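Participant: with the sequence up front, the predicted model follows.
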Amino acid sequence: MPSFQHLLLKQLLTAAAAPLARRKPSVGAMRLAMEAGSLFQFMPWRVNLESFRLDNRFEAEWLRPRGAHPTRLLLYLHGGGYVLGSLNTHRSLVGSLAQRCGLNVLTINYRKAPDHPFPAALDDARRAYRWLLRHGHQPHDIVVAGDSAGGGLALALLLALRDAGEALPAAGIGLSPWTDLNLPITALRRVAREEALLLEALQMRTWGPLYAHKTALTHPLLSPAQADLHGLPPLLIQVSTAEVLYDDVVKFSHKARAAGVPVTLQPFEGLVHWWHLFWRVVPEARQALDQVADFLAAMWAQPHRAAPPVAVAEQRAPSGRVRR
């Protein structure tokens, strides 16, 4: 059962969803609201921030927790439906993830639709990965991660690297990843009964086409669920059973396993989309981030494998202790 803190969060989102859905705010207004909200999201203690322009193309940040591993790192791609989000909106979440994993994290402000449609975001993600390699980081020391659309972008990056014959990172992590932009209307009707998800569902129907522009929504680098998934590195996927994305994420995970990809699927019961962002308030968010850290620790504890391993079994997120 979801925590009291999550139930309170869901009530707040429910109260806000109906009036916002009626007003149908513009992308610019939603961006401004998210930036304003990020003013109240603070970085964890003992995490240093370094801002710079990557290849003089776009803003990027290093988040470096005290005592981080000297070589291993995360490349993190923030969510926002390919139209929203920024370094500011996700800095607190990424800082917490860096601290819990004991890893330096590179995060980038990739270009957004509608001004910069596909493949702009993917090109920026690929540029960031190649930048890491040029600066001496080894693929087996890099994990690509992201939430929501950023999770879908992380999966698309793995597919693009594989198809180009480039060295793949050690693993991929999707926190409620958007795996199929062609969101079926049946899914919308199913979740529309949950008022807290109404706004999310209605907006996501427009965000996918904004990013895709003239490209079909079924393109595999837009919708990784439509891709041939062979040859990918180990994947960790977290998703809530109450999300619009749940069915598509589960189908993607099963398809990846069938293609021989090691997949760890961690479903959480009844949580709102983007629950990870509320890690300071919602204990399930802290639990989820701790499980990311546990997954990475276990992965790197295994000896290097020359051949793809057998896919792991699905595991349901336990309701055990949560590190703060």
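Facilitator: Sure, I can see it. Numbering: from 1, shown residues only.
Participant: pLDDT weak spots in the chain?
Facilitator: Under the criterion pLDDT under 70, the flagged ranges of the chain are 17-18, 21, 184-203, 304-324.
Participant: which stretches in it count as strands?
Facilitator: Along the chain, the stretches classed as strands by DSSP state E are 47-54, 58-65, 73-77, 104-108, 142-147, 171-175, 235-240, 263-268.
Participant: just put these in TSV and tack on mean neighbour count and distance to residue 35.
Facilitator: All C-beta spots, glycine's among them, are computed from the backbone N, C-alpha and C. Shown next, in TSV, are these (neighbours: other Cβ atoms under 10 Å; distance: least, Cβ to Cβ, whole Å):
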stretch	mean neighbour count	distance to residue 35
strand 47-54	13	16
strand 58-65	20	13
strand 73-77	26	18
strand 104-108	24	16
strand 142-147	27	17
strand 171-175	27	21
strand 235-240	25	25
strand 263-268	22	28
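Participant: out of these, nearest to residue 158?
Facilitator: Evaluated with Cβ to Cβ, these place strand 171-175 nearest to residue 158, the distance being 5.1 Å.
Participant: so what are the sheet partners of that closest one and their directions?
Facilitator: According to DSSP bridges, strand 171-175 forms sheet pairs with strand 142-147 (parallel), strand 235-240 (parallel).
Participant: just put those strands in TSV and tack on distance to residue 158.
Facilitator: Shown next, in TSV, are the strands paired with strand 171-175 (distance: least, Cβ to Cβ, whole Å):
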stretch	distance to residue 158
strand 142-147	6
strand 235-240	8
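Participant: so which of these comes closest to residue 274?
Facilitator: Closest among the strands paired with strand 171-175, using Cβ to Cβ: strand 142-147, at 7.0 Å.
Participant: who's in contact with that closest one?
Facilitator: Applying Cβ atoms under 8 Å, 6 or more residues apart in numbering, the external contacts of strand 142-147 come out as 72-79, 90, 93, 97, 103, 125, 129, 132, 151-154, 157-158, 169-177, 274, 276-277, 292, 296.
Participant: likewise for stretch 32-39?
Facilitator: Applying Cβ under 8 Å, 6+ apart, the contact partners of stretch 32-39 are 25, 80, 84, 85, 86, 88, 89, 91, 92.
Participant: mind putting the residues you listed into TSV with neighbour count and distance to residue 138?
Facilitator: Below are those laid out as TSV (neighbours: other Cβ atoms under 10 Å; distance: Cβ to Cβ, whole Å):
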residue	neighbour count	distance to residue 138
25	14	44
80	21	30
84	21	33
85	26	29
86	18	29
88	17	30
89	20	30
91	20	26
92	20	29
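Participant: at the geometric centre of the chain, which residue sits there?
Facilitator: Nearest to the mean C-alpha position of the chain, by Cα atoms, centre = their mean, lies residue 147 at 1.6 Å.
Participant: out of the strands of the chain, nearest to residue 206?
Facilitator: Closest of the strands of the chain to residue 206 is strand 142-147, at 19.6 Å (criterion: Cβ to Cβ).
Participant: now the closest one and strand 73-77, what's the angle there?
Facilitator: Using axes from the mean of the first three to the mean of the last three Cα atoms, to 10 degrees, the inter-axis angle of strand 142-147 relative to strand 73-77 is 30 degrees.
Participant: convert strand 142-147 to CSV, retaining C-alpha atoms only.
Facilitator: This file holds the C-alpha atoms of strand 142-147, laid out as CSV (Å, rounded to 0.1, in the frame of the first residue of the first chain):
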residue,chain,number,x,y,z
ILE,A,142,29.4,4.2,-17.9
VAL,A,143,25.8,3.6,-17.2
VAL,A,144,23.1,5.5,-19.1
ALA,A,145,20.0,6.4,-17.1
GLY,A,146,16.9,8.6,-17.4
ASP,A,147,13.3,9.1,-16.2
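Participant: with that, I have no additional questions.
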